[in-house]
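Predicted model and sequence follow; I will ask about them next.
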Amino acid sequence: MNKTFTCLRCDKCCYFSSEVEAPIIFPYEREIIRNKAEELKIKDDITFKPYEVYRVNSDDEELYVVVAYKWLIKGYCPFYDRNSKLCRIHSIKPLSCKMYPLILNVTCNTIHVSEACNWVRENLDYVLSANPMNVFQEEIKALLEAYVLFLNYINTLKDRFSVVEKVRPQSIRLGRLMDIDKVIESRKRTNT
């Protein structure tokens, strides 16, 4: 019997009790989230923290390029409608939300399945024995999209800068912080 993951509309993927659980998002997604929060007049504090950061040298200046952020959510996601149990930004939600219950950790290149998800818990024996490509068809597409995007970001940095070094977010100097999207944008202007 083949089973495909089906969201049960529980709130396990939309409720965050600690920063460790917070979704990892790309800079372009951060802008989408900010704009949508403004459009929907969401008053919640929408906070992001650099998560995947690289030190680069540009014209003898040291810069820190953010490739991914942690979206710091305390409690329910501000876009989760608790009455309908639906996401108010479903069509544009971040890739980490689209791939759930699969979780990609770009920092150490690992993937795991969240047992916080009720569907996964109810079908754990099947999940562990079946081909993940059959069980998590749409989620794997989002996961692959995120991973390819991440690798492209890293390759862009390596192509653009002579020194590229991964650093811990705690060691960055905020005055020298730049999103990967800005690097790509400036590279496009240089190439035209």
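Everything's here; your move.

Do me a favour and get the end-to-end distance for stretch 63-82?
For stretch 63-82, the separation between the terminal residues is 41 Å (Cα to Cα, to the nearest Å).

oh, I was asking about stretch 85-102
One end of stretch 85-102 sits 20 Å from the other (Cα to Cα).

Repeat that for stretch 97-115.
First-to-last distance for stretch 97-115 - Cα to Cα - comes to 15 Å.

ok, now stretch 115-135?
15 Å.

what's next to that stretch, contact-wise?
2-8, 10, 12-13, 100-102, 113-114, 140 (Cβ atoms under 8 Å, 6 or more residues apart in numbering). From N, CA and C alone the C-beta is placed, and that goes for glycine too.

nearest to residue 79, of these?
Nearest to residue 79 among these: residue 13, at 11.9 Å, using Cβ to Cβ.

Tell me the spatial nearest neighbour of that closest one, not counting adjacent residues.
Of all residues not flanking residue 13 in the chain, residue 100 sits nearest, at 4.5 Å (Cβ to Cβ, 6 or more residues apart in numbering).

so that neighbour sits right up against residue 112, yeah?
No: in this structure residue 100 lies outside contact range of residue 112 using Cβ atoms under 8 Å: 11.4 Å.

re the thing from before, from the contacts of stretch 115-135, list the buried ones, please.
Among those, those classed as buried by 16 or more other Cβ atoms under 10 Å are 5, 12-13, 100-102, 113, 140.

what's the farthest-apart pair in these?
Using Cβ to Cβ, the two most remote members of those are 12 and 140, lying 19.4 Å apart.

Tell me, what's the model's pLDDT at residue 160?
We have a pLDDT of 89 for residue 160.

ok, how many other residues are close to it?
For residue 160, the number of neighbouring residues by other Cβ atoms under 10 Å comes to 16.

and it, how far is that from residue 107?
When distance is defined by Cβ to Cβ, to the nearest Å, residue 160 is 21 Å away from residue 107.

Toward the C-terminus, what is the element adjacent to the helix ranked longest in the chain?
If you go by DSSP state H, the chain has its longest helix at helix 137-160. Reading on from helix 137-160 to the C-terminus, the next helix or strand found by DSSP states H and E is strand 164-167.

and the following helix or strand past that next one, what does it pack onto?
Counting by DSSP H and E, the next helix or strand C-terminal to strand 164-167 is strand 177-179. Applying 3 or more Cβ pairs under 8 Å, 6 or more residues apart in numbering; DSSP states H and E, one finds that strand 177-179 contacts strand 61-72.

For residue 168, give its distance to residue 50.
Remark: distance between residue 168 and residue 50 (Cβ to Cβ) = 10 Å.

same check, this time on residue 95
Taking Cβ to Cβ, one finds residue 95 at 18 Å from residue 50.
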